[in-house]
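Trainee: Give me coordinates for this.
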Amino acid sequence: MTADAHDPAAAPGASAPAFSDAAAPPYAGGNPYADYRSAEFGFTGLTDLADRRLGGAVIAANDELFAERENLLLPGPAEFRPHTFGNKGQIMDGWETRRRRGTGAARPHPTDEDRDWALIRLGVPGVVHGVVVDTAHFRGNHPRQIGVEGAELPGTPGPEELLDPATAWHPLVPRSPVRGHAANGFPVADRRRFTHLRLSQYPDGGIARFRVHGEARPDRTWLSALGTFDLAAIENGGAVEDASDRFFSAPVSLALPGKSRAMGDGWENRRRRDDGHDWVRLRLAGRGAVRAVEIDTGYYVGNAAGWAALYGRDDHADPEEWFELVPRTRLQPDAVHRLVLDAPRPATHVRLDVFPDGGIARLRLYGGLV
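Mentor: Prediction:
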């Protein structure tokens with residue numbers, strides 16, 4: 001798949017390689033995901049703290065000859081287009097380094113400690129519960145093993161500060177084998193707050209995507225200084241906990257930064273054929289008093305929710321009671337609805353009910369911590 005990938009047919013008499021569970025057979029045509037090895041991991045329902053849309057970035061890597069490091073954090077699955085060759089070989093949608101070599105003819109292989117690394121700044125600092133190292137489309141060119149470390153630094157440090165020997169790095173995922181063309185998930189037990197991660201691959205190879213799932217822990221001093229901010233925003237520590245339906249798109253989009261960019265960049269449920277309604281539940285950045293609500297149905301033209309109501313819950317008072325914040329309100333398609341609450345009330349959670357079904361692009365809950 002890279003510049004030095006070869007066609008077995010070009011080597012008459014050569015025996016075909018044996019593919020272990022870690023490897024994957026060469027691409028045989030058709031759907032490139034047909035033989036992809038996926039898996040369910042208990043932590044993937046949590047926020048991807050490294051999401052590029054939240055400000056996550058790969059700020060440095062020691063090598064990216066074949067494919068750029070920035071691809072690691074792109075939203076969506078990696079794409080593969082066969083026979084798209086550039087000057088350095090097959091163009092891959094991921095981070096891919098050159099093949100490592102030994103010190104000379106007598107020692108042509110890399111040492112056991114040779115590795116390539118990438119430094120990731122989390123979009124939102126937080127507690128990591130698990131990571132996914134996705135090697136989609138990297139079949140004979142994935143790393144043998146990976147490792148992940150975490151660090152917490154104030155401000156906005158650059159590669160120099162992160163690579164300083166004085167920086168304390170804590171192991172989150174020990175050196176572990178990975179499979180090619182597969183989702184490789186690793187739970188993390190360390191419950192410290194981290195701002196940056198270091199992803200290492202041994203000795204070299206390609207990784208398509210890197211996901212970091214956990215709980216956001218933004219700077220509370222910054223939020224307090226702001227006074228009023230979006231209590232539901234993931235970047236501020238909010239989280240989407242559950243929803244009645246995730247058929248067309250994930251409800252986490254409701255709390256992402258910025259405006260939606262297309263119909264799929266929001267929360268849309270399937271068409272109801274009963275007398276019920278759909279809902280989504282969010283945990284706020286902290287106990288806060290919501291003063292203003294913004295419900296955006298951008299790009300939902302013939303499939304926007306018809307009406308919406310907002311309820312709050314305060315776990316500090318009564319974790320079983322839901323109280324009304326916004327009564328059932330008519331929504332317009334492809335429009336922003338701004339609603340000022342008559343009497344702000346402290347809440348730790350909110351539930352948005354939509355009637356009877358339909359799409360919501362963004363939900364903003366403006367207020368302050370109490």
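
Trainee: Quickly list what V133 is bridged to.
Mentor: Applying DSSP bridges to V133 yields these beta-bridge partners: N184, F210.

Trainee: Who are the contact partners of it?
Mentor: 146, 178, 184-186, 199, 207, 210 (C-beta atoms under 8 Å, 6 or more residues apart in numbering). C-beta coordinates here come from the backbone N, C-alpha and C atoms, glycine included.

Trainee: Can I get the residues you listed in JSON lines including neighbour count and pLDDT?
Mentor: JSON lines is the format used below for the contacts of V133 (neighbours: other C-beta atoms under 10 Å; pLDDT from 0 to 100):
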{"residue": "I146", "neighbour count": "25", "pLDDT": "98"}
{"residue": "V178", "neighbour count": "22", "pLDDT": "97"}
{"residue": "N184", "neighbour count": "23", "pLDDT": "97"}
{"residue": "G185", "neighbour count": "20", "pLDDT": "98"}
{"residue": "F186", "neighbour count": "19", "pLDDT": "98"}
{"residue": "L199", "neighbour count": "26", "pLDDT": "98"}
{"residue": "I207", "neighbour count": "28", "pLDDT": "98"}
{"residue": "F210", "neighbour count": "25", "pLDDT": "98"}
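
Trainee: Model confidence score at G89, please.
Mentor: Note on G89: pLDDT of 83.

Trainee: whoops, I mixed them up, D4
Mentor: Checking the pLDDT column for D4, the value is 38.

Trainee: do E149 as well
Mentor: For E149, pLDDT reads 98.

Trainee: and which of the contacts of V133 is nearest to F66?
Mentor: Checking those against F66 by C-beta to C-beta gives I207 as the nearest, at 11.5 Å.

Trainee: right, and that closest one touches H142 too?
Mentor: Yes - at 7.2 Å, I207 counts as touching H142 under the criterion of C-beta atoms under 8 Å.

Trainee: List the residues that are in contact with both of these two.
Mentor: With C-beta under 8 Å, 6+ apart, I207 and H142 have common neighbours T135.

Trainee: What is the neighbour count of D114?
Mentor: Counted with other C-beta atoms under 10 Å, residues neighbouring D114 total 13.

Trainee: quick one, helices of this protein?
Mentor: 159-163, 220-226 (DSSP state H).

Trainee: Packing partners of the longest one?
Mentor: Packed against helix 220-226, as judged by 3 or more C-beta pairs under 8 Å, 6 or more residues apart in numbering; DSSP states H and E, are the following elements: strand 278-296, strand 362-369.

Trainee: Other residues contacting the last one?
Mentor: By that I understand strand 362-369. Residues contacting strand 362-369 (C-beta under 8 Å, 6+ apart): 220, 223-224, 227-233, 253-256, 259-260, 266, 280, 282, 284-296, 298, 344, 350, 352.

Trainee: go on, stretch 169-177?
Mentor: Against stretch 169-177 from outside (C-beta under 8 Å, 6+ apart): 22, 128, 131, 144-151, 186, 188, 190, 192, 194, 197-198, 200, 202.

Trainee: residues contacting E215?
Mentor: E215 neighbours (C-beta under 8 Å, 6+ apart): 46-47, 126-127, 129, 239.

Trainee: I'd like these laid out as JSON lines, including neighbour count, distance to R338 and pLDDT.
Mentor: Shown next, in JSON lines, are the contacts of E215 (neighbours: other C-beta atoms under 10 Å; distance: C-beta to C-beta, whole Å; pLDDT from 0 to 100):
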{"residue": "L46", "neighbour count": "21", "distance to R338": "30", "pLDDT": "92"}
{"residue": "T47", "neighbour count": "24", "distance to R338": "26", "pLDDT": "92"}
{"residue": "G126", "neighbour count": "23", "distance to R338": "30", "pLDDT": "97"}
{"residue": "V127", "neighbour count": "17", "distance to R338": "34", "pLDDT": "97"}
{"residue": "H129", "neighbour count": "22", "distance to R338": "35", "pLDDT": "98"}
{"residue": "A239", "neighbour count": "20", "distance to R338": "24", "pLDDT": "94"}
